[in-house]
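Engineer: Prediction below, plus the sequence it came from.
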Number of protein chains: 2
Amino acid sequence: MVTLKDIAAKAGVSMMTVSRALNGDGSRVSGPTAARIRSIAEEMGYIPNSSARSLAARSSRIIAILMRDTPDGNPLLDPYTSAFLGSVVQVLQSCGYYIMVHFVRDFSDITFRLRSWSAEGAVFLGLFDDEIRQIRQDNPIPLVFTDSYSSLRQVSNVGIDDYKGGCLAARAFLDLGHRNLAFCGPLSGKPGVIAQRLQGFADTLAKQGAILPQNCVCSISERSAEEILKDLLAPSALRPTGLFVSSDHIAWQFYKAAGRLNIRIPDDLSIAGFDDLPLGRALIPGLTTVRQDIQKKAEKTCDILLRHIKDPASPSETQILDVELAERDSIKDLRSGAC
Amino acid sequence: MVTLKDIAAKAGVSMMTVSRALNGDGSRVSGPTAARIRSIAEEMGYIPNSSARSLAARSSRIIAILMRDTPDGNPLLDPYTSAFLGSVVQVLQSCGYYIMVHFVRDFSDITFRLRSWSAEGAVFLGLFDDEIRQIRQDNPIPLVFTDSYSSLRQVSNVGIDDYKGGCLAARAFLDLGHRNLAFCGPLSGKPGVIAQRLQGFADTLAKQGAILPQNCVCSISERSAEEILKDLLAPSALRPTGLFVSSDHIAWQFYKAAGRLNIRIPDDLSIAGFDDLPLGRALIPGLTTVRQDIQKKAEKTCDILLRHIKDPASPSETQILDVELAERDSIKDLRSGAC
DNA sequence: TGAAAAAAAGTTAGCGCTAACACAAGCAAA
DNA sequence: TTTGCTTGTGTTAGCGCTAACTTTTTTTCA
């Protein structure tokens, strides 16, 4: 194993000069010497020891990305999550960082994971306010949260306009004549992305006098899509004609459940999703959904994180990206019959 | 920041005793002392410095997972890759390892990445023989390759019976009366997973006197699914009635292309895929495909890697998992017309 | 020309941890 | 008892690197 010492010996200079030639900004070592050292290092196949550097310099070039573990144990089965993770890895790796992935079940070991490796920064996916407060308080390093609704000022956050997304979904149904609607998502009781989407949806419906009964606001965490569908479509005066699902990935579960129950989409039930994953285009009928740009979100997240790392004093920043409606064929046009 | 030294001072013992109490196997420190030290450490909120440990002990508890970068820059857009990655993270994390994810474009920096962090082991996805030889030679640490066909003996490899998969796909077409077939996948000219699937497919067809003309073996790397479809379905005596695609993810591209070109599946063209991703069930018609168990593959991979880490002298191992046919509706039954 | 300033090096002292050995005390077998 | 073994603990010496300082050399300009 080649170390700085070996290179120093071969070049006839001190270790420090080698260190400066290889990692410095070029200001504390002369050009020719630096070039000579670099060529010797290359020739000897030098590979720096990141642990040693990290220990001595207190800077690891490690960035952690943390996401909540799912019941199935594999959060990356959700295409949104894996697409986002991939984009983050892509950007940060190209900037010379190393990425550690953590699935978090117990929030108390986040600090442990970050500190143990002296992570220079971290990206979090979809946490709640109380979690963010705790994490922010315990970890005085650059952190960027995504899809979070925190009342905390000093927190950088990249998200989308979830409320507007909910409004757009509502509009899509209303414009096609729907008046009785339903919502489904992983409701947690805490304010967050899902609650915002629901709020935008509900507010817009209310404004137009459409109906979203309490029992038509369903949490997918507790029941399966199939059970929910059965309940929703039971004969009733308020039987919904449309269902807004908080993500394409879950909307897909409803497509599958509908298939098993012989419920036709959109004839028996119209559906709208959220995210605009490639998946939505593959479904038949094509899924009408609220589009967000995952890659852009990941890039913004990295931008802010890198800025914080470069200048730890830089102010925290919140970026809310826009969303738009992707209209396809999963919402039935009820107007012809109504007019 | 609390260090071993602080704990040692508070407990009135040497640093070494603390180190042994916290990380040892319990054999070199007395029970009561160890318990007392552990409770002091907990109380003081001690978090070990992994860099220091790694430097001193030459053991990092880091495992790297490396995958080839894709042209779009995000290999995790392929559901197979992200599902596998997620399962690996899940297993290794539960064993106390930290996972670094690397997208590899330039193979020469794999060694750099592994050595720089003293990775204890690494998992590779889908490499070719020459790449494996180089990596294996440069890195004397536990490595497990997946989906690889290497002639090298001393290499641990977890894969599936790709050849059989190709045979099963051929059978599926033959059994339903198809005689003129086509294949499409990311052909690279090198032996590997895709080549094996093609080989099994071609051999089985040949044995039954079915036809797979040279110009019906297409590489998706060069042309789009749409272009390939156009070529394949141009009027000709050998116009194929069925297309075997080397992965569900790519098969999906053909579904989309077919939609744009008004080609009906399976009426105008039958399709079979490979992997059995959830996706395949969502497509209409449901995709007939060769099933592999991704999670099992990931678990096997981790098993072998962990064994190598525990016992570096343990022999290398190759595990070939079985595959089976998942019959759905993307292959048309031509027999009624033929008989 | 010479003194101050700047640039290019070298020296020292760790970062936090653990291998490897040293040492003492207790215990069983000879 | 002696010899050897086991067990618990302390000591020493780094792992490979860099921050912070010191020293030497070069440059600048009055």
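Structural biologist: Arrived safely, thanks for sending.
Engineer: mind pulling up the phi and psi values for A:Leu152?
Structural biologist: Backbone geometry at A:Leu152, expressed as degrees, to the nearest 10, gives phi -70, psi 130.
Engineer: In this structure it contacts A:Leu127, no?
Structural biologist: No - the pair A:Leu152 / A:Leu127 is not scored as a contact, 11.3 Å apart, by CB atoms under 8 Å. Where C-beta positions appear, they are placed from N, C-alpha and C, glycine not excepted.
Engineer: Next one: the residue nearest to A:Phe107 when sequence neighbours are not counted relative to DNA strand D, how far apart?
Structural biologist: Residue nearest to A:Phe107 in three dimensions, not counting chain neighbours: A:Glu131, with 5.8 Å by CB to CB, 6 or more residues apart in numbering or on different chains. For A:Glu131, the distance to DNA strand D equals 33 Å [CB to the nearest atom of the strand, to the nearest Å].
Engineer: hang on, A:Glu131 packs against A:Ser108?
Structural biologist: No - taking contacts as CB under 8 Å, A:Glu131 lies outside contact range of A:Ser108: 10.7 Å.
Engineer: These two - which one has more neighbours?
Structural biologist: Each of A:Glu131 and A:Ser108 has its neighbours counted (other CB atoms under 10 Å in any protein chain shown); A:Glu131 has more, 19 against 9.
Engineer: what about the helix or strand containing the more buried one, average pLDDT?
Structural biologist: Here A:Glu131 sits within helix A:129-138, counting by DSSP states H and E. For helix A:129-138, the mean per-residue pLDDT is 95.
Engineer: Can you list the buried residues in it?
Structural biologist: A:129, A:131-132, A:135-136 (16 or more other CB atoms under 10 Å in any protein chain shown).
Engineer: residues contacting whatever residue of the stretch 201-339 of chain A ends up closest to DNA strand C?
Structural biologist: Among all residues of the stretch 201-339 of chain A, A:Pro312 sits closest to DNA strand C, at 18.4 Å; criterion: CB to the nearest atom of the strand. Neighbour list for A:Pro312: A:Pro142 [criterion: CB atoms under 8 Å, 6 or more residues apart in numbering or on different chains].
Engineer: Residues of chain A that sit close to DNA strand D?
Structural biologist: A:1, A:3-5, A:15-16, A:19, A:22-23, A:48-49, A:52-53, A:55-57, A:59 (CB under 7 Å from any atom of the strand).
Engineer: So what's the residue count around A:Pro140?
Structural biologist: Based on other CB under 10 Å, the number of other residues close to A:Pro140 is 8.
Engineer: Same question for A:Ile63.
Structural biologist: Neighbour number of A:Ile63 under other CB under 10 Å is 27.
Engineer: show me the contacts for it.
Structural biologist: A:92, A:97-100, A:119-123, A:305.
Engineer: Pull out the buried members of the residues you listed.
Structural biologist: By 16+ other CB under 10 Å, the contacts of A:Ile63 give A:92, A:97-100, A:119-123, A:305 as buried.
Engineer: So which of these sit within helices?
Structural biologist: Using DSSP state H, the members of the buried ones among the contacts of A:Ile63 that fall in helices are A:92, A:305.
Engineer: Tell me the one of the buried ones among the contacts of A:Ile63 nearest B:Phe201?
Structural biologist: Checking the buried ones among the contacts of A:Ile63 against B:Phe201 by CB to CB gives A:Ile99 as the nearest, at 37.5 Å.
Engineer: show me the contacts for A:Lys296.
Structural biologist: A:Leu321.
Engineer: I misspoke; the intended subject was A:Thr3.
Structural biologist: A:46, A:49.
Engineer: domain ranges for chain A?
Structural biologist: If you go by automatic domain parsing, the domain ranges for chain A are A:4-48, A:62-160+A:294-321, A:162-292+A:325-338.
Engineer: any chance of the ones you listed in TSV, plus distance to B:Ala234?
Structural biologist: Output for these, formatted as TSV (distance: least, CB to CB, whole Å):
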stretch	distance to B:Ala234
domain A:4-48	53
domain A:62-160+A:294-321	35
domain A:162-292+A:325-338	26
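Engineer: Out of the ones you listed, which is closest to B:Gly273?
Structural biologist: domain A:162-292+A:325-338 (12.6 Å).
Engineer: Could you see whether chain B lies near the closest one?
Structural biologist: Yes - Domain A:162-292+A:325-338 lies within reach of chain B by CB under 8 Å from any CB of the partner chain, at A:252, A:255-256, A:278-279, A:281-284.
Engineer: Which strand residues bridge the residue nearest the centre of chain A?
Structural biologist: The structure's chain A has its C-alpha centroid closest to A:Leu125; by CA atoms, centre = their mean the separation is 4.7 Å. A:Leu125 forms beta bridges with A:Met67, A:Thr146, as assigned by DSSP bridges.
Engineer: Also A:Gly185?
Structural biologist: With DSSP bridges as the rule, A:Gly185 is bridged to A:Ser219.
Engineer: Could you list the residues of chain A in contact with DNA strand C?
Structural biologist: A:12-17, A:27-31, A:33-34, A:52, A:55-56.
Engineer: And those, which two are furthest apart?
Structural biologist: Top of the distance list for the residues of chain A next to DNA strand C (CB to CB): A:Gly31 and A:Leu55, 29.7 Å.
Engineer: Next one: A:Tyr149 from A:Pro186, what distance?
Structural biologist: Computed with CB to CB, to the nearest Å, the distance linking A:Tyr149 and A:Pro186 is 15 Å.
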